[in-house]
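Chemist: test case, fold it:
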Amino acid sequence: MSEIVTTGEPHPSAAPSAYPQHAPNVAVAANGTPVPVATPGVSVAVVELDVPTRERIVSLLGDGVTPFNTLEELTSRLTGAMPVVAVLGPSCTSSDTLPLIERVNQQYPYMASVMIVSELSTTLLQQALRAGVRDVLAMGGEAGALALAVQRVAVSLESAPRAVPTAPPADSEGADLEAVNGKVYSIFSTKGGSGKSVLATSLATTLARRSDLPVCLVDADLQFGDVAVMLKLAPSHTIVDAVSVLDRLDPAMLDGLLVTHEPSGLRVLPAPLEPAFADQVSAHDMRTIIDTLRTFCGHVVVDTPAYFNDVVLGLVEASDDVLLVAGMDIPNIKNVKIGLQTLRLLDTPTEKLHLVLNRANSKVKLEVSEVEKTLGMKATALIPSDIAVPQSVNKGEPVVQFAPKSSVAKSIEDLADMMLPRQAKRKR
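Modeler: Next up is the predicted model:
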């Protein structure tokens, strides 16, 4: 890990045992699992003027971390022999330092930064991301969160093409993650309470458990999205943060804004925390985000609101498949039929529309065949009614995780088979 500096002498600000090291950095996550902070081919540096704070950050990252007082000290000792993840402490958040961070990120494409702030705000987050910082975390956050963020950036740096210091490059990022062409599935209903979000969360977690590639769930219900609550997540970032840096959004930056559902490995882009922020996300913004996710995610599941607007219509157009969720009651079926008529008037390809009947086993004197005849299409999936569904929602777990042997979980697994067969399942 001594490749940061040009000489073999320890830096004056380094702790005696922290320099040099030749083993991968290791920290401990919240669940006690060791987290390798960086790979052997990536160095980690901590930049913070306040000594106690710097020592605290170093302790969070484990052995093999080189500390520096200022960013200037770090850059004066960069050689380019090894990629570097710079962990920037709270003293680096001043208005004077942020422009320097941007220049350094542009000048040294083999260096990437993660910032720790005393108090996370939307304004500071936007400024940091615009300066090229890959991720921003609050000091005193969840144990292991910093180590995981550094690990993620280190892996992306190691896989990126090596470049020498130069003038600000036209595109120094964007090659950090393996390029793929993922599938996009929008979950839509014209009636609230149809079970759309339950299906979206469980389908997405099922795909995440099976896929070798990242799977992302986007909460596109911009006013009242519940995905984060239903998965018991406490996100630091939302879709609004992605929009705020849309002019320089690339796969690595967007990946840094996603929150992970740890039990399944699912990546999630949550809805805004307040309904007032919904207007900040346009149809063009959403399309750009989806197109970017598609480049590094094997599957993207989108939970949409229960109405038509420009954002929803754009999502329908961008999707490979649209799952129309209908309940077994007359008002619900009536609204779904109107929605189908609207989609057909907009020349939506029939082959991308799939009917999912929720609570299909309910004894409401309405047969599945009658619903199919009314809507003019066969049901792709029948999801039964099950007490496990409300129980799982109240517990903050997808029903496929909460009650994997339930009838509703099995029906969602069957639906996932159409997108990603079980034999492709990967051990996590």
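Chemist: show me the shaky parts of the chain.
Modeler: Along the chain, segments meeting pLDDT under 70 span 1-40, 80-81, 142-143, 158-179, 363-365, 422-428.
Chemist: could you find the closest non-adjacent residue to the residue positioned nearest the centre of it?
Modeler: Closest residue to the average C-alpha location of the chain: Leu258 at 2.3 Å, with Cα atoms, centre = their mean. Among residues not flanking Leu258 along the chain, Arg267 sits closest, at 4.2 Å (Cβ to Cβ, 6 or more residues apart in numbering). Just so you know, the C-beta spots here come from the backbone N, C-alpha and C atoms, and that holds for glycine as well.
Chemist: got it, and Leu254?
Modeler: Thr292 (5.2 Å).
Chemist: got it, and Thr288?
Modeler: Closest to Thr288 by Cβ to Cβ, 6+ apart is Leu246, at 5.9 Å.
Chemist: check contacts around that neighbour.
Modeler: Asp285, Thr288, Ile289 (Cβ atoms under 8 Å, 6 or more residues apart in numbering).
Chemist: distance from the chain centre to the helix or strand the second one falls within, please.
Modeler: Read it as Thr288. Using DSSP states H and E, Thr288 sits within helix 283-294. Centre-to-centre, helix 283-294 and its host chain are 13 Å apart (Cα atoms, centre = their mean, to the nearest Å).
Chemist: I'd like the next helix or strand past that helix.
Modeler: With DSSP H and E, the next secondary element past helix 283-294 is strand 299-303.
Chemist: who are the packing partners of the helix or strand that that next one is followed by?
Modeler: The helix or strand immediately downstream of strand 299-303 is helix 310-318, counting by DSSP H and E. Contact partners of helix 310-318 among helices and strands, from 3 or more Cβ pairs under 8 Å, 6 or more residues apart in numbering; DSSP states H and E: strand 183-188, helix 283-294.
Chemist: what's the closest of those to Thr79?
Modeler: Nearest to Thr79 among the helices and strands packed on helix 310-318 is helix 283-294; the distance by Cβ to Cβ comes to 32.5 Å.
Chemist: what helices or strands is the closest one leaning on?
Modeler: With 3+ Cβ pairs under 8 Å, 6+ apart as the test, helix 283-294 has strand 183-188, strand 215-219, helix 239-244, helix 251-257, strand 299-303, helix 310-318 packed against it.
Chemist: mind putting these into TSV with mean neighbour count?
Modeler: TSV is the format used below for those (neighbours: other Cβ atoms under 10 Å):
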stretch	mean neighbour count
strand 183-188	24
strand 215-219	29
helix 239-244	22
helix 251-257	23
strand 299-303	28
helix 310-318	18
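Chemist: which one of these lies nearest to Leu233?
Modeler: Of these, nearest to Leu233 by Cβ to Cβ is strand 215-219, at 10.1 Å.
Chemist: domain ranges for this protein?
Modeler: Per automatic domain parsing, the domain ranges recorded for the chain read 2-159, 183-424.
Chemist: follow-up on the earlier one: for Leu231, which of the helices and strands packed on helix 283-294 is the nearest?
Modeler: Among the helices and strands packed on helix 283-294, the nearest to Leu231 by Cβ to Cβ is strand 215-219 (8.1 Å).
Chemist: the stretch 301-428 of the chain: strands as residue ranges?
Modeler: Taking DSSP state E, counting those that start in this stretch to define them, one finds strands in the stretch 301-428 of the chain at 321-326, 353-358, 379-383.
Chemist: residues touching the first one, excluding its own?
Modeler: Okay, so that is strand 321-326. With Cβ under 8 Å, 6+ apart as the test, strand 321-326 has contacts from 183-189, 191, 194-196, 199, 316, 332-333, 336, 339-340, 343, 348, 352-358, 371, 375, 380-381, 419.
Chemist: let's go with 7 Å and repeat that
Modeler: Residues from elsewhere that reach strand 321-326 (Cβ atoms under 7 Å, 6 or more residues apart in numbering): 185-189, 194-196, 199, 316, 332-333, 336, 339-340, 352-358, 371.
Chemist: what do you get for the shortest one?
Modeler: The contact list for strand 379-383, computed with Cβ under 7 Å, 6+ apart, reads 195, 199, 354-358, 360, 368, 372, 408, 411-412, 414-415.
Chemist: list the buried residues of that strand.
Modeler: By 16 or more other Cβ atoms under 10 Å, the buried positions in strand 379-383 come out as Ala379, Ala381, Leu382, Ile383.
Chemist: then stretch 132-147?
Modeler: Using 16+ other Cβ under 10 Å as the test for burial, stretch 132-147 gives Gly132, Val133, Arg134, Asp135, Val136, Leu137, Met139, Gly144, Ala145, Leu146, Ala147.
Chemist: closest to Thr238 among the residues you listed?
Modeler: Among those, and counting by Cβ to Cβ, the member closest to Thr238 is Val136, at 13.0 Å.
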